[in-house]
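Q: Predicted model follows, preceded by the sequence.
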Amino acid sequence: MKKYVVIIFTVLAMVNIVGCGSSQQDNNKKSKIDTTAIQTSENKTEVIKQKITPCIWVETKDAKAVADYYLSIFKDGKLKEHHKYKNPPEAGGGDFETAVIEIAGMELSILAAGPFFKFNESVSLVINCKDQAEVDYYWSALTSNGGAESSCGWCKDKYGLSWQVVPVEYFALINSDDPKIRDKAMKNTLKQKKLILSELK
């Protein structure tokens, strides 16, 4: 665990080093650094809109490849940051990368630091789909190329991250005041992998 903590502190330290200037530099250099720091601060304020940003630790060390993968699925997304780092000797050396992407209006941080942790279903991301066509698209995109289907609308992408691909109308069905509608939706959910809205009604 100590090694993992060192990795995180290394990232934080590098961010601080980049953003801060030396107090021993002359006034001209200090002025230039102060201006850069202000610009960086303004950019960060504009970039980080969420109070809480989910961070996923992937088993690869190529954060850009992970970012590209998710951006190929979420077409309106964008890459916001990508950084490469080297671990200090006391952390065992080695390289790791980070990236920040925005997908479907959500900021997601990626830490690509090697195969130390694996995802499981205790944490998943829910995609609220407007209709069956959107369900079909995300289900196919996430389960292909190394992903896997599960049940009840759950699946995994090729990195092992769990997703719930759900049509928004589904929630109205399982929370209906009519017990017949609610029970049919719940019963048929257990029979499905990808949610098929027409079979749940």
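A: It's in. Keep in mind it's a predicted model, so treat the numbers as computed, not measured.

Q: Please make it C-alpha for all contacts and neighbour counts, starting now.
A: Fine.

Q: Strands of this structure, start to end?
A: Secondary structure of the chain (DSSP state E): strands at 55-58, 78-86, 95-103, 106-112, 124-129, 148-149, 154-156, 162-167.

Q: The ones you listed into a markdown table, with extra columns for distance to L173, mean neighbour count and mean pLDDT?
A: What follows is those, written out as a markdown table (distance: least, C-alpha to C-alpha, whole Å; neighbours: other C-alpha atoms under 10 Å; pLDDT from 0 to 100):
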| stretch | distance to L173 | mean neighbour count | mean pLDDT |
| --- | --- | --- | --- |
| strand 55-58 | 32 | 18 | 98 |
| strand 78-86 | 34 | 15 | 96 |
| strand 95-103 | 27 | 20 | 97 |
| strand 106-112 | 26 | 20 | 97 |
| strand 124-129 | 14 | 15 | 98 |
| strand 148-149 | 23 | 18 | 98 |
| strand 154-156 | 18 | 23 | 98 |
| strand 162-167 | 10 | 24 | 98 |
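
Q: okay, the ones you listed in JSON lines with distance to Y70 next?
A: JSON lines is the format used below for the strands of the chain (distance: least, C-alpha to C-alpha, whole Å):
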{"stretch": "strand 55-58", "distance to Y70": "12"}
{"stretch": "strand 78-86", "distance to Y70": "10"}
{"stretch": "strand 95-103", "distance to Y70": "8"}
{"stretch": "strand 106-112", "distance to Y70": "10"}
{"stretch": "strand 124-129", "distance to Y70": "13"}
{"stretch": "strand 148-149", "distance to Y70": "16"}
{"stretch": "strand 154-156", "distance to Y70": "13"}
{"stretch": "strand 162-167", "distance to Y70": "12"}
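
Q: Pull up the per-residue confidence for the closest residue in space to A185 that isn't next to it in sequence.
A: Counting by C-alpha to C-alpha, 6 or more residues apart in numbering, A185 lies nearest to L200, which is 4.5 Å off, once chain neighbours are set aside. On the pLDDT scale, L200 is placed at 97.

Q: Now do the closest residue to L195 other than its chain neighbours against S162, distance only.
A: Leaving aside its chain neighbours, L195 sits nearest to G153 (5.1 Å; criterion: C-alpha to C-alpha, 6+ apart). G153 sits 10 Å away from S162, taking C-alpha to C-alpha, to the nearest Å as the criterion.

Q: what's the answer for Y85, then?
A: Distance from Y85 to S162, by C-alpha to C-alpha: 27 Å.

Q: ok, now I101?
A: Distance from I101 to S162, by C-alpha to C-alpha: 18 Å.

Q: circling back to that earlier point, quick check, pLDDT for the residue nearest to L195.
A: Reading off the model, G153 has pLDDT 98.

Q: so it touches L197, yeah?
A: No: the criterion here is C-alpha atoms under 8 Å, and G153 misses it with L197 at 10.8 Å.

Q: Surely H83 and T98 touch.
A: Yes: using C-alpha under 8 Å, H83 is in contact with T98, at 5.3 Å.

Q: Could you pull up the residues touching E107?
A: E107 makes contact with 48, 50, 53-54, 100-101, according to C-alpha atoms under 8 Å, 6 or more residues apart in numbering.
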